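*Asks:* sequence and predicted model, in that order:
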Amino acid sequence: MSEKNREGKRTARERLAVEREKQKAADKRRRALIVGASVVCVLGLAAVVGVVAANAGKDDSSEAGPVVGPSGAQGKDGLAIPVGEENAKSTLTVWEDFRCPACKSFEDAYRSTIHELTDSGKLKVEYHLATIIDGNMGGTGSRNAANAAACAQDVGKFVPYHDVLYQNQPPEVDDAFAKNSKLLELAAKVDGLDTPAFRKCVENGTHNSWVDKSNDAFKEGGFSGTPTVLLNGKNIYQDQTMTPAKLKQMVEANAKG
């Protein structure tokens with residue numbers, strides 16, 4: 001082999017060696033970038049998990065205060081908000097959550113019939129407020145809305161505000177009722193409700209601990225979910241044949257004795 005050919009092969013090998021070293025260096029840098037990016041993702045996830053863990057069970061309010069029931073609350077531990085004549089022969093017990101879509105469906109279907117029966121003195125309704133959607137979905141909208149409804153009860157405006165909340169219920173995943181500004185905005189739809197006293201009650205969470213106690217009673221009651229609707233102690237919401245007309249017929253029959 002000529003000296004010229006040997007020199008050419010040696011030069012080619014050297015170039016190949018240089019290219020291999022460059023490729024190794026590039027691969028090393030790429031691996032470093034991949035590992036670095038993976039570490040950032042893991043750290044980011046850890047940060048998110050840490051924030052969630054740190055805030056678990058917390059909300060935007062201060063620690064629970066004393067249990068302050070709304071004006072006129074009745075029943076065991078004063079956890080029922082009564083609507084209608086005290087001496088009505090039929091009592092409808094309703095467990096509801098203001099974020100609960102099924103509760104809205106019940107209210108939309110039965111609202112006018114229940115109003116008619118309570119206004120005529122034939123039916124008394126006892127409303128119990130629960131916060132199961134807060135527990136299932138996270139947030140404080142169920143509790144804050146229930147507190148605001150209890151504040152409305154203090155000034156004799158529970159029924160119209162209760163109805164407004166359901167008529168303006170946000171999607172279940174939207175915790176809009178957690179915002180006091182939203183609850184106060186809806187209060188403006190009820191004549192005479194949006195007062196300084198009502199605003200203070202809402203913003204201070206005056207009845208929050210009472211709402212928590214009501215929700216505890218719901219859980220201890222062994223109910224399957226909201227709404228739970230009992231007519232004279234019998235669960236009528238589970239009756240698939242139940243309609244507003246049938247409810248009216250049952251209450252009127254009972255009123256006649």
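*Replies:* Ah, there it is. What you are looking at is a predicted structure, and each value in this text was computed from that prediction instead of being measured. Numbers count the residues shown, from 1 in each chain.
*Asks:* all the helices of the stretch 1-150 of the chain, residue numbers only.
*Replies:* Secondary structure of the stretch 1-150 of the chain by DSSP state H, counting those that start in this stretch: the helices cover 3-55, 101-119, 132-137, 141-154.
*Asks:* how far off centre is stretch 108-117?
*Replies:* With CA atoms, centre = their mean, to the nearest Å as the basis, stretch 108-117 stands 24 Å off its chain's centre.
*Asks:* which outside residues touch that stretch?
*Replies:* For stretch 108-117, the external contacting residues (CB atoms under 8 Å, 6 or more residues apart in numbering) are 84, 90, 92, 123, 125, 159, 163, 166, 244-245, 247-248, 251-252. For the C-beta atoms, the positions are set from N, CA and C on the backbone; glycine is no exception.
*Asks:* mind listing what's buried in it?
*Replies:* Buried positions in stretch 108-117, judged by neighbour count with 16 or more other CB atoms under 10 Å: 110-111, 113-115, 117.
*Asks:* out of the helices of the stretch 1-150 of the chain, name the one with the poorest average pLDDT.
*Replies:* Looking over the helices of the stretch 1-150 of the chain, mean pLDDT reaches its minimum on helix 3-55, with a mean of 44.
*Asks:* thinking again about what came up before, just the closest of the buried residues of stretch 108-117 to S214, please.
*Replies:* For these, the closest approach to S214 (CB to CB) belongs to I114, at 19.9 Å.
*Asks:* and that closest one, how far is that from A148?
*Replies:* Distance check for I114 against A148: by CB to CB, to the nearest Å, it reads 21 Å.
*Asks:* equivalent analysis for V83, please.
*Replies:* Distance, V83 to A148, using CB to CB: 17 Å.
*Asks:* which one of these two has more residues nearby?
*Replies:* Between V83 and A148, counting by other CB atoms under 10 Å, A148 is the more crowded of the two (31 against 21).
*Asks:* re the thing from before, of all the contacts of stretch 108-117, which two lie farthest apart?
*Replies:* The widest separation within the contacts of stretch 108-117, taken as CB to CB, falls between Y166 and E252 and amounts to 24.9 Å.
*Asks:* looking at the two, which is more packed in?
*Replies:* Neighbour count, other CB under 10 Å: between Y166 and E252, Y166 has more, with 19 against 15.
*Asks:* my read: that one touches A102, true?
*Replies:* No: because the distance of 11.3 Å does not satisfy CB atoms under 8 Å, Y166 is recorded as not touching A102.
*Asks:* in the stretch 151-257 of the chain, which spans are strands?
*Replies:* 228-231, 234-235 (DSSP state E, counting those that start in this stretch).
*Asks:* looking at those strands, which is buried most?
*Replies:* strand 228-231 (a mean of 20; mean count of other CB atoms under 10 Å).
*Asks:* direction included, what does it pair up with?
*Replies:* Partner strands and pairing direction for strand 228-231 (DSSP bridges) are strand 90-96 (antiparallel), strand 234-235 (antiparallel).
*Asks:* out of those strands, flag the one nearest L186.
*Replies:* Nearest to L186, of all the strands paired with strand 228-231, is strand 90-96, at 16.3 Å by CB to CB.
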